[in-house]
Structures are given as structure tokens and as C-alpha cells.
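**Q** need a structure here:
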Amino acid sequence: MQMLKILSALALFNTCVQGKITNITNQCDFNGMVETSFHYSAPPNNFLHNVRVGRCSNTSINSNLTNVQIDVHAHPDIANTYEYKIIYNAKNCAEEKDYLSNGESLPANSTIKILIDDVIGSRPRVESINIKPMILRTHTITSRCGYSDNYIVATFDFGHINQQVNNDATMDTGVLRFGMDIYKDVERTEPYAPNENFYSGQMAFINVYVIEGSMPGGNGQSVWAPTRCVFSEIGEGFNKYTLFPYQDTCGGVFANQLNFDIKRESNGSWLFQYRLFVFKDAEITNYRLECDISLCRTGEQNNACTDMGDLCQTSFAELVRS
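**A** Below is the predicted model:
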């Protein structure tokens, strides 16, 4: 009985001292290189060891191999926390079936499992030291680069609102997701509440933004824009109005009457507004706003982003072409 008590105490102790990985982000580049960054917090004498990136591996944090590079720095503001960067070539490290080319306009789509041992002992200082670490656990990070040239924002339903709310606790590992919020005021401080009644003639102030994920490449190598937004009556396929088709006019033919306006924020989000309306005389009607999102590479002269920018945001078109 005494032995059982001792084992139980040891199990509890090991659970308490395990390190924790947080703030995981991915940066996927056009040349196939991927940088996975995160914070590692743990008590003294805990450290990460034996990194495996898909088919590639690096057993020491001090190595600088061709396939996997690891950079570690103590966090400047948080005690017992380290900032990690793992840099690798997705084409070399991913299984063949998990690396799919996207052509020249976007990085390849890839999925790679990163395995890292969380150990206790003395941190190795030179490559030649042969340590026998005590492994507490193995962290698994799913590193993904997943991009498309077209996305659909979560729809916003007027009348009976079914706006999708993001409750997903999965940490960002490279896949882009976009969201849409609709407000009553131009300052965008008072959102429309679920099941709130809407009336024709009211203004809707919309914010379209990145929920999670990273833009491909670095230093402004890619941009995104809501290139087509449609306001439609649910269940009535012919009752729809396109607010800004890039092949026609920004705001549609009734842009002035709807008090339509659009602009791009410095953080990359898009803000636009228009006056709500109905297609027929009915007390109960449900409407939906849905936007297509295009992801474009900077420097290209013709793509969905620049075409939309020519009509709706001249400065944006110039930004993309710079």
C-alpha cells in the first residue's frame, strides 16, 4: 500500500512540471519554406529535444541542418519561457501525398506533423554531448500550409440571424479563415444581436477580416480582398443584388441610393456599408449577405484583387502592383 502512494505522488509531480507550448503560428513562403513559431514555458531543467519534422529530423537544438533549422531565444518579458522558430522545407519534409502544388500564384498546400520531446535534465550545450534525457511527453504540432485563390466568408443572415461564431480552440498552423461582423453604427461598436429585428432603410456597417492563419510569404508578398459580395433573399434564387462585382461597378447600379462605401484598413481588414432593403412586400423575409474572398500575389498586373481595386479602392490596386 505504501508503494502505491509513492507512485501516485510521482505521477502527480511529473504532471505538474511538464512544459507547455502556446502561441503557435506558421509562415508559409512561396518557395516551399515554412517557419513554425511558438512559445515554450516550463520550470528550470525542462527543455525541448529531438525535433522530428515529417520525414526530416534534428536531434539537437544547436544544429543547423539543411532540412531543419531551429532558433531558440529566451523570452524577453516572460520568465521560464523560450521563443522557438523551426524552419524547414515542406517539399523535402512532407510525405509525397501531403505536398500538393498550387501553381505559381500561391504556395503549395502541405501538412506535416512536428514531434518534439519535452524532457527533464541538463540542457545540452554542444553537439557531441550524449545525454539520456527523461522524456515527460511528446508534443505534436500539425503544421499546415493551406491556401486557395477563393474563399467564402461565413454568411450573415438578416431577419433570422445565423452568423457563425468561432469557438474552435485549435491553434493557428497556417490555414486562413475569414470572418464577417455587422454593426449598427459607423464606428462599429454596436453589433447586431442574434435574433434582432432588421428593417429596410437601416444601415449595415460590415467588417471583413482574417479570423486566423497567416498570409503566404513575407514582407507583403500577398494580399486578399472581398472581390464579390451578394445580398440575397433566402429561398428565392432570383432575388439577389450584387454589391460589388469586380467586372461591373463597385456598389452596383444603386450604390448612391444605398449609401454604399468601402475602404481597406491599414491592418488589411475591409470595411463597407450599405442601406438594407427588401425585394418584395412581406412581413417576414430572411436575407443573407455572402462575400467571396480572393487571395492574390503582389506584383501581378491582372487578378481578382487588382480588378476589384480598380473599381473600389484605387490605392489598393496600386499597393498590389507595387
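
**Q** drop to CA atoms for contacts and neighbour counts, all remaining ones
**A** Will do.

**Q** how near is the residue nearest to Thr249 when sequence neighbours are not counted to Trp270?
**A** Spatial nearest neighbour of Thr249, chain neighbours left out: Leu311 (6.4 Å); criterion: C-alpha to C-alpha, 6 or more residues apart in numbering. When distance is defined by C-alpha to C-alpha, to the nearest Å, Leu311 is 15 Å away from Trp270.

**Q** which stretches of the stretch 201-322 of the chain form helices?
**A** Taking DSSP state H, counting those that start in this stretch to define them, one finds helices in the stretch 201-322 of the chain at 304-312, 314-321.

**Q** Phi and psi next, for Lys97.
**A** phi -70, psi -20 (degrees, to the nearest 10).

**Q** Begin at 176, not 1, for the rest of this chat.
**A** Will do, 176 is the new start, and the previous item becomes Lys272.

**Q** and Gly392, how many residues sit next to it?
**A** When neighbours are defined as other C-alpha atoms under 10 Å, Gly392 has 20 of them.

**Q** That one - nearest residue in space that isn't next to it in sequence?
**A** Once flanking residues are discounted, Gly392 sits nearest to Asp204: 4.0 Å by C-alpha to C-alpha, 6+ apart.

**Q** before we move on, what about Arg227?
**A** Using C-alpha to C-alpha, 6+ apart, the nearest residue to Arg227 is Leu290, at 5.1 Å.

**Q** tell me the pLDDT at that neighbour?
**A** Looking at Leu290, its pLDDT stands at 88.

**Q** isn't it right next to His314, touching?
**A** Yes - counting by C-alpha atoms under 8 Å, Leu290 touches His314, with 5.7 Å between them.

**Q** Which one of those two is surrounded by more residues?
**A** Ranked by neighbour count (other C-alpha under 10 Å), Leu290 and His314 place Leu290 first, with 18 against 15.

**Q** show me what contacts Phe380?
**A** Contacts for Phe380 (C-alpha atoms under 8 Å, 6 or more residues apart in numbering) come out as Ile357, Tyr358, Lys359, Asp360, Val361, Arg363, Leu446, Phe447, Gln448, Tyr449.

**Q** Quick one, grab the pLDDT at it.
**A** Phe380 is assigned a pLDDT of 93 by the prediction.

**Q** From Phe447, how far off is it?
**A** 6 Å.

**Q** what's Gly194 in contact with, if anything?
**A** Gly194 touches Tyr215, Ser216, Ala217, Pro218, Asn221, Phe222, Asp293, counting by C-alpha under 8 Å, 6+ apart.

**Q** For the third one, what are phi and psi?
**A** Which is Ala217. According to degrees, to the nearest 10, Ala217 has phi -160, psi 160.

**Q** That one is in contact with Asn255, isn't it?
**A** Yes - with contact defined as C-alpha under 8 Å, Ala217 and Asn255 form a contacting pair (5.9 Å).

**Q** Just want to know which of the two has more residues nearby.
**A** Ala217 (20 against 15).

**Q** residues near Pro218, how many?
**A** 15.

**Q** Ok, the one 10 residues further on next?
**A** Under the neighbour criterion other C-alpha under 10 Å, Val228 is assigned a count of 27.
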